[in-house]
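>>> sequence plus predicted model, see below.
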Amino acid sequence: MRYRDTIDWILKHFLKNPARLGDFTRNNLRVAIYQIFFMRVPDWAVVNESVEIEKGKSANTFAARKASLVNAVLRNALRQKEIFSPPLKLDDPVEAMAINTSHPKWLIQRWIERFGMDDALLFVLANNKVQPFSIRTNTLRTGRDELLDVMRENSIAGEPTLYSPDGITLKEMLSYADLNCIHGLFAVQDEASQLITYLLDPKPGERILDACAAPGGKTSHVAQRMHDTGEIIAVEKDPKRICKLEENLDLLGIRSVAIINADVTDLKFTDMGTFDKILVDAPCSSLGVIRKNPDIKYKNTYTDLLNNSIKQLALLKAASRFLAEKGKLVYSVCSTEPEEGELVVREFLKTETDFRIIEEVQNDFLLPFMDKGMFRTYPYKYNMDGFFGVALCKNR
């Protein structure tokens, strides 16, 4: 998936119309081309395995013809392996970056305009790396140093995250089952996501609204920072995601969260009252977490960013109605794009003139990511997810 467009670019030189093959055969060839050009699988093994996979799909004449086609395509690709081995040489530098890193050209062009050619290249290369596996200590049950001790006792290598006081970066990729010995003592959460809670800066005993709560990473972190006291109202409009939210809270032993299945734009002030802190972690393009979900870069268009911003602005306006006079509201997205970050905030402040950006930072470890009250992280700069965040309050 990380190199789907690169693979398809290679394949189109050996097929007149790859899209007409059908998903099964096309994906069979994609896997084979990946093995040939990105792995060390013996050439003969790639061809034999791919042909047998194609034959095994169905014992009919049509499948047999497809197997012959797969055989012919792969043998032709092997004969020209040296010509098509990445990095591919293309005259257009933007197209070359797009094809070699398997990113849409529209994203490459805008990142070059925003960051320059060198940083744009670092950005897309970082997106194609497997991200560090970060977890967050469940401070309701243990401390980070104590958790690291337990991990060492169980031969799980990890080290403290550079910025988040609660984070641990594992030194190797493990499955959730591999961490069975510390279940309930941690939550899987990227360091950038953890820092958003520190931007909110929740305090014990406060009343807090999490406007888009599932699957509960930030909800549970807020509860931890509050020592599981006070009241957290977690709003989630998708009933299917509520089960995961409940499961995550229960695993961590959190009891201060009340869950409401609703869209925050439909909630009434008379039913909700006011809150000391509000978190609006809005649905977005998720372009900041491409390392975790490579398919995201193929799913979004510029129009999607604009459509998302309309919904995000509506969420932000709806949630802001519930903020107490001396409260704080944090808006965040796991997106690297200003249409979903800075521009949403700018539009919000145009109409909601009684709000302002809080430029002061309560935690010094957030300073490297702050610019005039705006929080930004990028995978290529900090080796963490791409996040945007801003803290707002009422003028007074």
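Now that the structure is in, tell me what you want to look at.
>>> going forward, measure contacts between C-alpha atoms and count neighbours the same way
Fine.
>>> show me where the stretch 51-200 of the chain has its strands.
Per DSSP state E, counting those that start in this stretch, the stretch 51-200 of the chain carries strands over the ranges 133-137, 158-160, 167-170, 186-188.
>>> list the buried residues in stretch 344-364.
Across stretch 344-364, burial judged by 16 or more other Cα atoms under 10 Å covers 344-345, 348-349, 355-358, 361.
>>> ok, now stretch 26-40?
26, 28-37.
>>> surely residue 125 and residue 103 touch.
No: using Cα atoms under 8 Å, residue 125 is not in contact with residue 103; the gap is 9.9 Å.
>>> not counting sequence-adjacent ones, nearest residue to residue 190?
Distance criterion Cα to Cα, 6 or more residues apart in numbering; nearest residue to residue 190, sequence neighbours excluded, is residue 134 at 5.2 Å.
>>> and residue 328, that's in a strand?
Yes: assignment of residue 328 by DSSP: H, G, I helix; E, B strand; the rest coil places it within a strand.
>>> which ones are touching it?
Residues counted as contacts of residue 328 (Cα atoms under 8 Å, 6 or more residues apart in numbering) are 200, 276-278, 391-394.
>>> who is it paired with across the strands?
residue 277 (DSSP bridges).
>>> circling back to that earlier point, more neighbours, residue 125 and residue 103?
Using other Cα atoms under 10 Å as the criterion, residue 125 and residue 103 rank with residue 103 on top: 24 against 18.
>>> hmm, that one is touching residue 1, no?
No: contact criterion Cα under 8 Å: residue 103 and residue 1 do not qualify, at 10.9 Å.
>>> how about a markdown table for the strands of the stretch 51-200 of the chain, with mean neighbour count added?
A markdown table is the format used below for the strands of the stretch 51-200 of the chain (neighbours: other Cα atoms under 10 Å):
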| stretch | mean neighbour count |
| --- | --- |
| strand 133-137 | 24 |
| strand 158-160 | 17 |
| strand 167-170 | 23 |
| strand 186-188 | 20 |
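>>> do you know which of those strands lies nearest residue 80?
Nearest to residue 80, of all those, is strand 133-137, at 37.6 Å by Cα to Cα.
>>> now intersect the buried residues of stretch 26-40 with the helices, please.
Using DSSP state H, the subset of those located in helices is 26, 28-37.
>>> in stretch 103-115, what counts as buried?
Using 16+ other Cα under 10 Å as the test for burial, stretch 103-115 gives 103-104, 107-109, 111-112.
>>> same deal with stretch 126-144?
So, applying 16+ other Cα under 10 Å, buried residues of stretch 126-144: 126-129, 131-140, 144.
>>> got it, and stretch 170-182?
Buried-residue list, stretch 170-182, by 16+ other Cα under 10 Å: residue 170.
>>> what's the first-to-last distance across stretch 3-16?
21 Å (Cα to Cα, to the nearest Å).
>>> I meant stretch 290-300, not that one.
Using Cα to Cα, the end-to-end distance of stretch 290-300 comes to 11 Å.
>>> could I get the buried residues of stretch 26-40 as TSV with distance to residue 272?
Formatted as TSV, the buried residues of stretch 26-40 follow (distance: Cα to Cα, whole Å):
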residue	distance to residue 272
26	52
28	53
29	55
30	52
31	52
32	56
33	56
34	53
35	56
36	59
37	57
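>>> pick out the most distant pair among the buried residues of stretch 126-144.
128 and 140 (35.1 Å).
>>> nearest residue to the most centrally placed residue in the chain other than its sequence neighbours?
In the chain, the C-alpha nearest the mean C-alpha coordinate belongs to residue 289, at 2.6 Å (Cα atoms, centre = their mean). Nearest residue to residue 289 in three dimensions, chain neighbours excluded: residue 385, at 5.5 Å (Cα to Cα, 6+ apart).
>>> which pLDDT value goes with that neighbour?
Note on residue 385: pLDDT of 98.
>>> could we number from 848 for the rest of this?
Sure thing, new numbering starts at 848, so read that last one as residue 1232.
>>> mind checking the SS state of it?
Quick answer, by three-state DSSP: residue 1232 is coil.
>>> what count of nearby residues applies to it?
The burial count for residue 1232: 29, using other Cα under 10 Å.
>>> about what we covered before: ok, so of the ones in helices among the buried residues of stretch 873-887, who is nearest residue 1101?
Taking these together and measuring to residue 1101 by Cα to Cα, the closest member is residue 878, at 43.3 Å.
>>> could I get the pLDDT score of the closest one?
Per-residue pLDDT puts residue 878 at 97.
>>> what's the answer for residue 1027, then?
At residue 1027, pLDDT is 93.
>>> please apply the same query to residue 866.
Reading off the model, residue 866 has pLDDT 81.
>>> ok so it is a strand residue?
No: applying three-state DSSP, one finds residue 866 to be helix, outside a strand.
>>> what sits against it?
residue 873.
>>> list of residues touching stretch 1059-1070?
So stretch 1059-1070 is in contact with 1034-1036, 1040-1041, 1043-1044, 1049, 1057, 1076, 1079, 1081-1084, 1088-1089, 1091-1092, 1095-1096, 1099, 1101, 1103-1104, 1111, 1126-1130, going by Cα under 8 Å, 6+ apart.
>>> quick one: buried ones out of the residues you listed?
1034, 1036, 1040-1041, 1043-1044, 1049, 1057, 1076, 1079, 1081-1084, 1089, 1092, 1095-1096, 1099, 1101, 1103-1104, 1111, 1126-1130.
>>> name the spans of the stretch 848-997 of the chain whose pLDDT lies under the cut-off.
Along the stretch 848-997 of the chain, segments meeting pLDDT under 70 span 904-912.
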